[in-house]
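Asks: have a look at this fold, sequence not included:
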């Protein structure tokens, strides 16, 4: 993610992606495809989390299931 010209590292847990998709049978080699299908939702939530928590640019944004299902 970019905040002005600064790169903000972001990550999402595999459990969060599985919960978003409603699946538990995703193989490691399918994770990139799974991420690409969910990318818009993931990026929107990462951005929202960054601004809601006023995260610092030197710390990555890590998304977990509870970031999507509150």
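Replies: Structure's in. What do you need? In this text, all values refer to a predicted model and were calculated from it rather than measured experimentally.

Asks: what's stretch 25-36 in contact with?
Replies: 12, 14, 17, 18, 21, 42 (CB atoms under 8 Å, 6 or more residues apart in numbering). Any C-beta I mention is one placed from the backbone N, CA and C, and that applies to glycine too.

Asks: low-confidence regions, the chain specifically.
Replies: 54-57, 70 (pLDDT under 70).

Asks: off-centre distance for the top helix by length along it?
Replies: For the chain, the helix that runs over the most residues, judged by DSSP state H, is helix 31-52. Its chain's C-alpha centre lies 4 Å from the corresponding centre of helix 31-52 when counted by CA atoms, centre = their mean, to the nearest Å.

Asks: so for it, what gets flagged as buried?
Replies: 34, 38, 42, 45, 46, 47, 49, 50 (16 or more other CB atoms under 10 Å).

Asks: of all the residues you listed, which comes closest to residue 6?
Replies: The shortest separation between residue 6 and any of those is 10.9 Å, and it belongs to residue 50 (by CB to CB).

Asks: now do the contacts for the residue lying closest to that closest one once chain neighbours are set aside.
Replies: Once its chain neighbours are removed from consideration, residue 50 has its nearest residue in residue 61; the separation is 5.4 Å (CB to CB, 6 or more residues apart in numbering). Neighbouring residues of residue 61 by CB under 8 Å, 6+ apart: 1, 8, 9, 10, 11, 46, 49, 50, 55.

Asks: need phi/psi at residue 61.
Replies: Dihedral pair for residue 61: phi -90, psi 120, per degrees, to the nearest 10.

Asks: please apply the same query to the one 4 residues further on.
Replies: When read as degrees, to the nearest 10, the backbone of residue 65 gives phi -50, psi -40.

Asks: how many residues are close by it?
Replies: Counted by other CB atoms under 10 Å, the residues lying close to residue 65 total 15.
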